[in-house]
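Colleague: Structure for this input, please:
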Amino acid sequence: CLIRAFERSSLRWAVGGGLLLALAVFAGHPQLLLFQLYGLTLYVAYRLWQVWPERRALLTTIGLYAVFGLTGLAVAAVQLVPSYEFMRLSDRAASHYAFTAVGFSPYELLLDAVAPRIIGGLPPYVGILPLLLAFLAVRFVRHALVPYWVLLATLGLVVSLGGNSFFHSVLYLLGPGYALFQHQERAIYLYTLAMALLAGYGAAYVAQPIRRADRASLTRLGSLAVGGVLAALVVAGGLYIGQLFVEPTPQAYRWREAIAWYNWFVFMLLLALAVLAVRLLWHRGRRLVLA
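Modeller: Below is the predicted model of the structure:
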């Protein structure tokens with residue numbers, strides 16, 4: 001709704017977006033609402049950068065965002081006031097830096113993005129084909145919103161690191177409401193949302209006729225992908241050899257679980273690359289991609 005409001009200078013879309021914002025308030029999870037507002041404010045900042053230095057467009061953007069925010073907060077006021085009172089009476093009233101610093105470790109975030117359960121869990125995992133499609137979108141798609149989705153994904157990743165990133169200290173000191181909450185890894189939902197949108201742009205790109213200039217770049221990327229698959233297979237072999245050494249020990253079960261999830265990553269990588277290769281090498285590959 002906010003995108004439509006800005007693109008069409010529409011008060012109606014801004015009010016509609018405000019009503020949806022009120023629904024996010026009524027959901028009752030103030031931390032996720034806060035991250036949502038951060039993501040929306042990031043979009044407004046991106047929009048202001050787009051229309052700079054047109055004064056009328058700048059004022060329209062700011063005015064529509066004000067209508068959007070005021071509508072949502074006014075409709076949801078009946079929920080906001082008691083929620084604020086409850087937070088003051090809960091243990092969050094005694095918030096401190098260590099309380100707010102919990103988040104993903106960099107290694108956990110990296111591994112979970114491609115092979116969940118080796119260290120952590122599923123929230124950062126969007127799949128391997130969506131990752132590749134998102135990469136294609138960033139590399140080849142020229143759309144005004146693609147840079148914003150990249151910024152939103154980056155915001156979600158960095159905030160979800162919590163105290164493992166210097167950015168946490170900045171938000172703790174300057175971010176409105178940020179110091180009230182713990183478990184910053186919940187911000188990963190901004191990343192997964194942005195990756196879903198980028199994967200959509202990437203899917204639309206490979207489903208359309210590919211320009212001749214892009215084919216040369218895709219061929220070079222294909223060579224790198226083959227090298228990556230070979231490296232992944234070498235690592236898989238190394239993990240299997242390591243399992244032979246730990247088989248008689250108590251760590252054997254954990255080792256087998258990690259290998260199973262790593263093999264899942266290799267399998268999905270091969271499958272995703274095969275789909276993209278069929279698209280490029282077979283004249284009817286577009287139909288397969290659409291399916």
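
Colleague: Where does Y125 sit: helix, strand or coil?
Modeller: Put simply, Y125 is coil when judged by DSSP: H, G, I helix; E, B strand; the rest coil.

Colleague: How much space separates it from V138?
Modeller: 19 Å (C-beta to C-beta, to the nearest Å). The C-beta positions use only the backbone N, C-alpha and C, and glycine is treated the same way.

Colleague: packing partners for the helix or strand of the chain with the lowest mean pLDDT?
Modeller: Within the chain, no helix or strand scores below helix 285-290, which has a mean of 78 by mean pLDDT, DSSP states H and E. Of the remaining helices and strands, those touching helix 285-290 by 3 or more C-beta pairs under 8 Å, 6 or more residues apart in numbering; DSSP states H and E are helix 188-206, helix 252-281.

Colleague: any chance of those helices in CSV, plus mean neighbour count and mean pLDDT?
Modeller: Below are those laid out as CSV (neighbours: other C-beta atoms under 10 Å; pLDDT from 0 to 100):
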stretch, mean neighbour count, mean pLDDT
helix 188-206, 20, 95
helix 252-281, 15, 87
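
Colleague: is it possible to export those to TSV including distance to Y172?
Modeller: Output for those, formatted as TSV (distance: least, C-beta to C-beta, whole Å):
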stretch	distance to Y172
helix 188-206	18
helix 252-281	34
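
Colleague: picking up where we left off before, give the buried residues for the least confident helix or strand of the chain.
Modeller: For helix 285-290, the neighbour count (16 or more other C-beta atoms under 10 Å) marks G285, R286, V289 as buried.

Colleague: Excluding chain neighbours, what is closest to the most centrally placed residue in the chain?
Modeller: Nearest to the mean C-alpha position of the chain, counting by C-alpha atoms, centre = their mean, stands Y191 at 1.2 Å. Among residues not flanking Y191 along the chain, G156 sits closest, at 3.3 Å (C-beta to C-beta, 6 or more residues apart in numbering).

Colleague: Next: L11.
Modeller: Leaving aside its sequence neighbours, L11 sits nearest to V67 (C-beta to C-beta, 6+ apart; 6.4 Å).

Colleague: and the one you found, how far is that from W13?
Modeller: Distance, V67 to W13, using C-beta to C-beta: 10 Å.

Colleague: So between those two, which is more surrounded?
Modeller: W13 (20 against 17; other C-beta atoms under 10 Å).
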